[in-house]
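> sequence first, predicted coordinates after that:
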Amino acid sequence: MLKSEKNQRGIVIIYEIVIIFIFSVVMLGIISYALYQIKLVNSITRKEQAFQIAEAGANYYQWHLAHFPTDYQDGTGAAGPYVHDFVDKNTQQTIGQYSLVITAPVNGSTIVTIQSTGYTVANPTQTRTVTVRYGIPSLARYAFLTNTDAWIGSTESVSGEFHSNGGIRFDGTGNAPIRSAKVTYTCQPYHGCPGGQTQPGIWGTAPQSTQNFWSFPVPNVDFSGITSNLATIKTGAQSAGIYLPPSNAQGYSLVFNSNNTVSVYKIMSLRATPQAYDVNNVVHNEYLDYGTGAGARVKQGSDYAIPANGLIYIEDRTWVEGTIAGRVLVAAAKLPYNATTAPSILIPNNIVYTAKDGTVALGLLAQKDILVTYYAPTNLEVDAAMIAQNGSAQRYEFVDGSGAPISVLNSITIYGATTSFGVWTWSWGDGVTTYSGYTNTNTVYDTNLLFAPPPSFPLDSSGYQQLNWTSN
């Protein structure tokens, strides 16, 4: 063999070695990349499986709350976390687990937090967590709620959701849904319809921007659940709150103080007030304001600290005023309900919050009426979520000796919510001129009431709603 042929052959071998080496390097890279991709896919698959398992845990506890709304311990009666197997329906094999941490609502809130951490049996260290918050809207979801017809005059405004199980004449302004359960209804003379007139469920001279919020007919709102709530409130007040039995006098006066206490007085005498008519055209000659002389109010011991459960239950007529610094519910009721003995809550003066950020809330739950008294200020502010369970939220139409309306005041501002079973009004007039009561009525809805109402405040029947959802 010639020398040149040997050299050429050697060169070919070198080329082959180089090509094999390059091929090996490339293939090694491809194989390494493929293995990496397989590991990545497996990791993504395991993460997705862990996520699906975690979400299944959150869904399970949503179902649990739908059936057991106040059980925050997974039916165990013990503290969590609560671990459940996740079973593949096709193979009936346990492929993972989820661990639940349930945070119960704080006092005065309905918000439950569910934290569900999921993982697979194959890789328990690779976890995913889903956190969901659910809440039950309170009956104070409405700025105004009534079981009967309503009239919002041209000088009145409502900020927040408005619902009537009856018809609505709406001449004022609003900035949220305004709903009636009626297709049509008979508007009565006391709502400016002489002789009675058939009108749509909602009608009136409100500006178009307000009319855009009108909606009717919609389902009724049920008032019946409030009664059972009163029994629960009474039990809570007797065990850990403030309970006041019948006074054997004129009733009780509660004056709230800015240091989160309340002064309790027994009313011994009342102040003379003119004759009046209520929304049902019933004549009232009884006095509505407590007396001002010595001995008219007798203080009952030292000031009471607002109890931890926030409950005050009184089996007598109750006057409420002052500065609210905590979260409290005042209920005036006698069980079982009797129309002739059911007590009312009276408002003789301003009720104001120390803060309007959700940390402070007052509920006023009267078995009969919520009444603003004759001597209430000409400019009145009431910060509260109010319920007149079987009566009305109202100020009477006061009259002089000849029967002519008197006592025209300037303005009432409600910061909170008003629920009135019967016809509601703070003013009396023809829609243009006020003859008695407050000329200007302003209702400003406290948005904090939706999921953080006063303690033991009645809840809406809609059940838990999802508020937000996050995952890692």
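Cool, got the structure.

> quick check: pLDDT value at Ser4.
With respect to pLDDT, Ser4 has a value of 57.

> how about Asp400?
95.

> with Val158 instead?
Value listed for Val158 in the pLDDT field: 85.

> ok, it - how many residues close by?
27 (other Cβ atoms under 10 Å). Quick note: C-beta positions are derived from backbone N, CA and C, even for glycine.

> partner residues bridging it?
Gly174, Thr443 (DSSP bridges).

> next, the contact list for it, please.
Ala143, Phe144, Ile152, Gly172, Thr173, Gly174, Asn175, Ala176, Ile178, Thr443, Tyr445 (Cβ atoms under 8 Å, 6 or more residues apart in numbering).

> in the stretch 1-150 of the chain, which spans are strands?
Along the stretch 1-150 of the chain, counting by DSSP state E, counting those that start in this stretch, strands occupy 82-87, 94-103, 112-120, 128-135, 144-146, 150-152.

> can you name the residues in contact with the fourth one?
Counting by Cβ under 8 Å, 6+ apart, the neighbours of strand 128-135 from elsewhere in the structure are 47, 50-51, 53-55, 57-58, 62, 65, 105, 109-119, 450-451, 464-472.

> that strand pairs with which strands, parallel or anti?
Here, using DSSP bridges, strand 128-135 pairs with strand 112-120 (antiparallel), strand 465-471 (antiparallel).

> also the first one?
Next to strand 82-87 in the sheet, as set by DSSP bridges, lie strand 94-103 (antiparallel).

> coming back round to it: how about the strands of the stretch 1-150 of the chain in JSON lines, adding distance to Ala305, mean neighbour count and mean pLDDT?
As requested, these are exported to JSON lines (distance: least, Cβ to Cβ, whole Å; neighbours: other Cβ atoms under 10 Å; pLDDT from 0 to 100):
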{"stretch": "strand 82-87", "distance to Ala305": "36", "mean neighbour count": "16", "mean pLDDT": "93"}
{"stretch": "strand 94-103", "distance to Ala305": "27", "mean neighbour count": "19", "mean pLDDT": "94"}
{"stretch": "strand 112-120", "distance to Ala305": "28", "mean neighbour count": "22", "mean pLDDT": "94"}
{"stretch": "strand 128-135", "distance to Ala305": "28", "mean neighbour count": "20", "mean pLDDT": "93"}
{"stretch": "strand 144-146", "distance to Ala305": "32", "mean neighbour count": "25", "mean pLDDT": "90"}
{"stretch": "strand 150-152", "distance to Ala305": "39", "mean neighbour count": "24", "mean pLDDT": "90"}
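
> as CSV, the ones you listed with distance to Thr434 would be great.
Listed next are the strands of the stretch 1-150 of the chain as CSV, based on distance: least, Cβ to Cβ, whole Å:
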stretch, distance to Thr434
strand 82-87, 59
strand 94-103, 49
strand 112-120, 46
strand 128-135, 39
strand 144-146, 19
strand 150-152, 13
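
> could I get the strands paired with strand 128-135 in JSON lines, plus columns for distance to Ser411?
JSON lines is the format used below for the strands paired with strand 128-135 (distance: least, Cβ to Cβ, whole Å):
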{"stretch": "strand 112-120", "distance to Ser411": "40"}
{"stretch": "strand 465-471", "distance to Ser411": "35"}
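
> Phe68 reaches Thr76, doesn't it?
No - at 11.7 Å, Phe68 does not count as touching Thr76 under the criterion of Cβ atoms under 8 Å.

> quick one, which of those two is more surrounded?
Phe68 (12 against 9).

> pLDDT score for the more buried one?
91.

> what's the closest non-adjacent residue to it?
Gly75 (7.0 Å; Cβ to Cβ, 6 or more residues apart in numbering).

> how many neighbours does Asn59 have?
15.

> do Tyr464 as well
16.

> next one: the one 4 residues further on
Applying other Cβ under 10 Å, we find 10 residues neighbouring Asn468.

> got a list of what it touches?
Contacts of Asn468 (Cβ under 8 Å, 6+ apart): Val132, Arg133.

> beta-bridge partners for it, please?
Bridge pairing for Asn468 - DSSP bridges - gives Arg133.

> measure it to Tyr61 for me?
According to Cβ to Cβ, to the nearest Å, Asn468 stands 15 Å off from Tyr61.

> what does Asn212 give?
Distance from Asn212 to Tyr61, by Cβ to Cβ: 39 Å.

> do Ala249 as well
Ala249 is 51 Å from Tyr61, by Cβ to Cβ.

> those two: who's more crowded?
Between Ala249 and Tyr61, counted using other Cβ under 10 Å, Tyr61 has the larger neighbour count: 23 against 14.

> check contacts around the more buried one.
Taking Cβ under 8 Å, 6+ apart, one finds Asp74, Leu100, Ile102, Ile114, Ser116 in contact with Tyr61.

> which one among those residues gets closest to Tyr190?
Ile114 (49.3 Å; Cβ to Cβ).

> you'd agree that closest one is up against Ala58?
Yes - if you go by Cβ under 8 Å, Ile114 and Ala58 touch, sitting 5.3 Å apart.

> which of the residues in stretch 262-279 are buried?
Of all the residues in stretch 262-279, those buried under the rule 16 or more other Cβ atoms under 10 Å are 262-268, 271, 273-279.

> in stretch 339-354, which residues are buried?
Buried residues in stretch 339-354 (16+ other Cβ under 10 Å): 342-354.

> same check on stretch 161-172?
Glu161, Phe162, His163, Ser164, Asn165, Gly166, Gly167, Ile168, Arg169, Phe170, Asp171, Gly172.

> next: stretch 54-73.
Ala54, Glu55, Ala56, Gly57, Ala58, Tyr60, Tyr61, His64, Leu65, Tyr72.

> export the residues you listed to CSV and append columns for pLDDT and distance to Gly201.
Conversion of the buried residues of stretch 54-73 to CSV gives the following (pLDDT from 0 to 100; distance: Cβ to Cβ, whole Å):
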residue, pLDDT, distance to Gly201
Ala54, 92, 46
Glu55, 92, 42
Ala56, 92, 44
Gly57, 93, 44
Ala58, 93, 39
Tyr60, 94, 41
Tyr61, 93, 39
His64, 93, 39
Leu65, 91, 34
Tyr72, 95, 40
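
> and the strands paired with strand 128-135: which comes nearest Asp316?
strand 112-120 (36.0 Å).

> now what about that closest one, what contacts it?
For strand 112-120, contacts defined as Cβ under 8 Å, 6+ apart pick out 46, 49-58, 61-62, 65, 72, 86, 95-105, 125-135, 464.

> next: stretch 190-208.
Counting by Cβ under 8 Å, 6+ apart, 149-152, 154, 167-174, 178-189, 214-217, 279, 281, 423, 430-431 sit against stretch 190-208.

> try it again at 7 Å.
149, 151, 154, 167-173, 178, 180, 182-188, 214, 216-217, 430-431 (Cβ atoms under 7 Å, 6 or more residues apart in numbering).

> in the chain, which spans are helices?
Applying DSSP state H to the chain gives helices spanning 3-67, 208-211, 225-240.

> helix or strand with the lowest mean pLDDT in this protein?
helix 3-67 (a mean of 74; mean pLDDT, DSSP states H and E).

> that's all I had, so thanks and see you.
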